[in-house]
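Enquirer: with the sequence up front, the predicted model follows.
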Amino acid sequence: MLVSFPSRRGAAGFTLIEMMIAMVIGLIVVIAVIAFIVAIMRSNNQTIQATRLTQELRATMVVIAADLKRARSVSDPLAAATADTATGQIYYDLSSINTATAGCIQYGYQGQVDGLPTNFFRTVSVSGNRVLLATGSAAVPTIPVRPACGTGTQIGSDQVNITTLTFTAVNSRRFDVTLTGALAAANSDMGAVRRTITETVYVRSMSK
């Protein structure tokens, strides 16, 4: 009776070279997977940063546009239309919108304080990577002093650095406002995420 024994070649396991090759291939696959995961995480972080920045810029732009739209408005349009040169000076001062200084706009409008007509002069400007809104007000017929550029209360978050704020006068009624910013605490490994938004604002027409 013949008895067969497994050959030594068939009983042998992987050789050292085969194991090393398998480990190298496995390591390559693991590195590729890790690199892919890191790329996805980086892309997601950039998307989150860009979304957050866009929301912050839009919130700041809403405040600027809403206030600028009030420029040249008066509490009594009929009185403004029929006022003579002497008594109507309060309205003529409100008609001026000044964009001569870069990154700054100065304008005025009339509102009510405790039921009394009040002139408001506003200045929106950028200073120290922040948007500032300043107000000068006085009861009619007193004309308030126009606030200087670079002064006022901050608009927006400390988490965003405003790098550019421009006001372009297309005509006497249309102004294009452009706002550019970047997150103040952006991850340096991913580079600074920067966004620019522009909004067109139409204001009241008033001739001097």
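Expert: Arrived safely, thanks for sending. Residues are numbered from 1 along each chain as shown.

Enquirer: quick one: the strands in this protein?
Expert: 104-113, 116-127, 130-139, 153-155, 160-169, 174-183, 194-202 (DSSP state E).

Enquirer: list the buried residues of the longest one.
Expert: I take that to be strand 116-127. By neighbour count on 16 or more other C-beta atoms under 10 Å, the buried set for strand 116-127 is 117, 118, 119, 120, 121, 122, 123, 124, 125, 126, 127. Heads up, the C-betas are built off the backbone N, CA and C, glycines and all.

Enquirer: from these, which is closest to residue 178?
Expert: Comparing these against residue 178 with C-beta to C-beta places residue 126 closest, at 11.1 Å.

Enquirer: before we move on, the earlier item: turn the strands of the chain into JSON lines, including distance to residue 58.
Expert: Rendered in JSON lines, the data for the strands of the chain read as follows (distance: least, C-beta to C-beta, whole Å):
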{"stretch": "strand 104-113", "distance to residue 58": "19"}
{"stretch": "strand 116-127", "distance to residue 58": "16"}
{"stretch": "strand 130-139", "distance to residue 58": "13"}
{"stretch": "strand 153-155", "distance to residue 58": "12"}
{"stretch": "strand 160-169", "distance to residue 58": "11"}
{"stretch": "strand 174-183", "distance to residue 58": "9"}
{"stretch": "strand 194-202", "distance to residue 58": "6"}
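
Enquirer: quick one: closest of the ones you listed to residue 23.
Expert: strand 174-183 (42.4 Å).

Enquirer: okay, now the unreliable bits of this protein?
Expert: For the chain, applying pLDDT under 70 flags the ranges 1-12, 81, 84-87, 186-191, 207-208.

Enquirer: hey, which helix is longest across the protein?
Expert: Using DSSP state H, we find that the single longest helix of the chain is helix 16-68.

Enquirer: does residue 108 touch residue 119 like I think?
Expert: Yes - judged on C-beta atoms under 8 Å, residue 108 makes contact with residue 119 at a distance of 6.3 Å.

Enquirer: now the common contact residues for those two.
Expert: Common neighbours of residue 108 and residue 119 (criterion: C-beta atoms under 8 Å, 6 or more residues apart in numbering): 93, 94, 144.
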